[in-house]
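Q: Sequence first, then the predicted structure:
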Amino acid sequence: MNLDELLAEHAELELKLADPAVHADQNLARTLGRRYAELTPIITAYRELEGVREDLQAARELAPEDQAFAEEAAELAGRIAPLEERLRHLLVPRDPNDGKDIIMEIKAGEGGEESALFAGDLLRMYLRYAERAGWKTEIIDAQHSDLGGYKDVTVAMKGRGADGVWSRLKYEGGVHRVQRVPVTESQGRIHTSAAGVLVYPEAEEVEVQIDPNDLRVDVFRSSGPGGQSVNTTDSAVRITHVPTGVVVSCQNEKSQLQNKESALRILRARLLAIAQEEADAAASAERRSQVRTVDRSERVRTYNFPENRISDHRVGYKAYNLDQVLDGELSAVIQALADAEMAEKLAAHS
């Protein structure tokens, strides 16, 4: 889509969003508002560039008569290239999910109890990062371990504006590895264990239609650490989507209905992710970088406690502030990943 088309679309969206009738349909208003928010930075940058170009032309015409205009022309000329580069970055095709909220699952992997404790550390890291970003978080489901970690925990995160939660946390999917002396280690030896992180854009009901006939719903009693029953009623819910074989279980809430609603939220997000990964596979050259960032089997990052080091293996990022990162200071490593993705997209569209 060229700039003229984007300008026309932006103007049309402005008119629609000013119409009270549009806001009677909240889903429509939200969709239009999200697209308007995506286009506004592009339109603003284009108008600023055009304004500087017009001022430069006027200053050059007056420069022979007045030295002040010659100096102004030189200053304006220096602004053109950075503004053009900024607009070029903004015109790179966006990930269509960048404005979306997410559902994140953190699963203990190899390493038993130590892995479950590390999963808890990762959860705290993401919750602190979300808090700094002003996002809302909600733990949808959690299976605790005996020592206070998590065998499996699912959290929803909601942001606002064009740059949604997905635009920042989509890079977190994969295997996260930790190197440290576990609390269960009596000899002081360093162990390596891992936890898996899965990140999905949250799907709205209108995006993923689920046929109730495709679902098998089982109920069971919630269990706590060590597997003991923490509920005397069958409130936990397991939903199997028969066509795909995707299974989701939730036991965080006290009521069966609430657990079913939470399970359906997770199921919709997973089904949307499956559909998008299939589309990515069909157009792998176009969105190769995003496919790689959500590869479930890829070891993406190592957290080395003895050296206070964090290493992201995809972009060669390394820093010695692991304590701060685990406290939610994730911006630098996420920006390194975002910059790498942008560089790849610019190279593909140059």
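A: Alright, I've got the coordinates.
Q: got the buried residues for stretch 139-150?
A: 140-145, 149-150 (16 or more other C-beta atoms under 10 Å). No exception for glycine: its C-beta is placed from N, CA and C like everyone else's.
Q: Stretch 18-26 too?
A: Buried residues in stretch 18-26, defined by neighbour count with 16+ other C-beta under 10 Å: Val22.
Q: and that stretch, how far apart are its ends?
A: 14 Å (C-alpha to C-alpha, to the nearest Å).
Q: and if you look at stretch 60-70?
A: Its start and end residues considered, stretch 60-70 measures 7 Å (C-alpha to C-alpha).
Q: got the contact list for that stretch?
A: By C-beta atoms under 8 Å, 6 or more residues apart in numbering, the list of residues contacting stretch 60-70 from outside reads 59, 73.
Q: per-residue confidence for Leu7?
A: Per-residue pLDDT puts Leu7 at 92.
Q: Can you pull the phi/psi pair for it?
A: The phi and psi values for Leu7, taken as degrees, to the nearest 10, are phi -60, psi -40.
Q: Report how many residues lie close to the residue lying closest to it once chain neighbours are set aside.
A: Take Leu7 and drop its neighbours on the chain: the residue closest to it by C-beta to C-beta, 6 or more residues apart in numbering is Ile43, 6.5 Å away. Neighbours of Ile43 under the rule other C-beta atoms under 10 Å: 18.
Q: confidence score at Ile43?
A: 94.
Q: Just confirm it contacts Leu6, I think it does.
A: Yes. The criterion here is C-beta atoms under 8 Å, and Ile43 meets it with Leu6 at 6.9 Å.
Q: Would you check how far apart the residue nearest to Leu7 and Ala203 are?
A: Distance of Ile43 to Ala203, given as C-beta to C-beta, to the nearest Å: 29 Å.
Q: Which SSE is immediately downstream of the longest helix seen in the chain?
A: The helix that spans the most residues within the chain, counting by DSSP state H, is helix 26-62. Next along the chain after helix 26-62, taking DSSP states H and E as the criterion, comes helix 67-91.
Q: Off-centre distance for that following helix?
A: Centroid separation for helix 67-91 versus its chain: 34 Å, with C-alpha atoms, centre = their mean, to the nearest Å.
Q: buried ones in it?
A: 69, 72-73, 76, 83, 86-87, 90-91.
Q: Output those as JSON lines; include the columns pLDDT and distance to Thr240.
A: Putting the buried residues of helix 67-91 into JSON lines (pLDDT from 0 to 100; distance: C-beta to C-beta, whole Å) gives the following:
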{"residue": "Phe69", "pLDDT": "91", "distance to Thr240": "73"}
{"residue": "Glu72", "pLDDT": "93", "distance to Thr240": "69"}
{"residue": "Ala73", "pLDDT": "93", "distance to Thr240": "69"}
{"residue": "Leu76", "pLDDT": "94", "distance to Thr240": "64"}
{"residue": "Leu83", "pLDDT": "94", "distance to Thr240": "54"}
{"residue": "Arg86", "pLDDT": "91", "distance to Thr240": "48"}
{"residue": "Leu87", "pLDDT": "91", "distance to Thr240": "48"}
{"residue": "Leu90", "pLDDT": "88", "distance to Thr240": "43"}
{"residue": "Leu91", "pLDDT": "88", "distance to Thr240": "44"}
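Q: which one of those sits closest to His176?
A: Leu90 (31.7 Å; C-beta to C-beta).
Q: Report the contact partners of that closest one.
A: By C-beta under 8 Å, 6+ apart, the contact set of Leu90 is 41-42, 45.
Q: Please convert the buried members of these into PyMOL selection syntax.
A: Command for PyMOL, covering only those of the contacts of Leu90 found buried under the criterion 16+ other C-beta under 10 Å:
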select buried, resi 42+45
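Q: residue contacts, Ser255?
A: With C-beta under 8 Å, 6+ apart, Ser255 has these contacts: Ser235.
Q: Now it: phi and psi?
A: According to degrees, to the nearest 10, Ser255 has phi -110, psi 150.
Q: Contacts made by stretch 311-322 with the rest, please.
A: So stretch 311-322 is contacted by 292-293, 298-305, 307-310, 325, 329, 332-333, 336-337, 340 (C-beta under 8 Å, 6+ apart).
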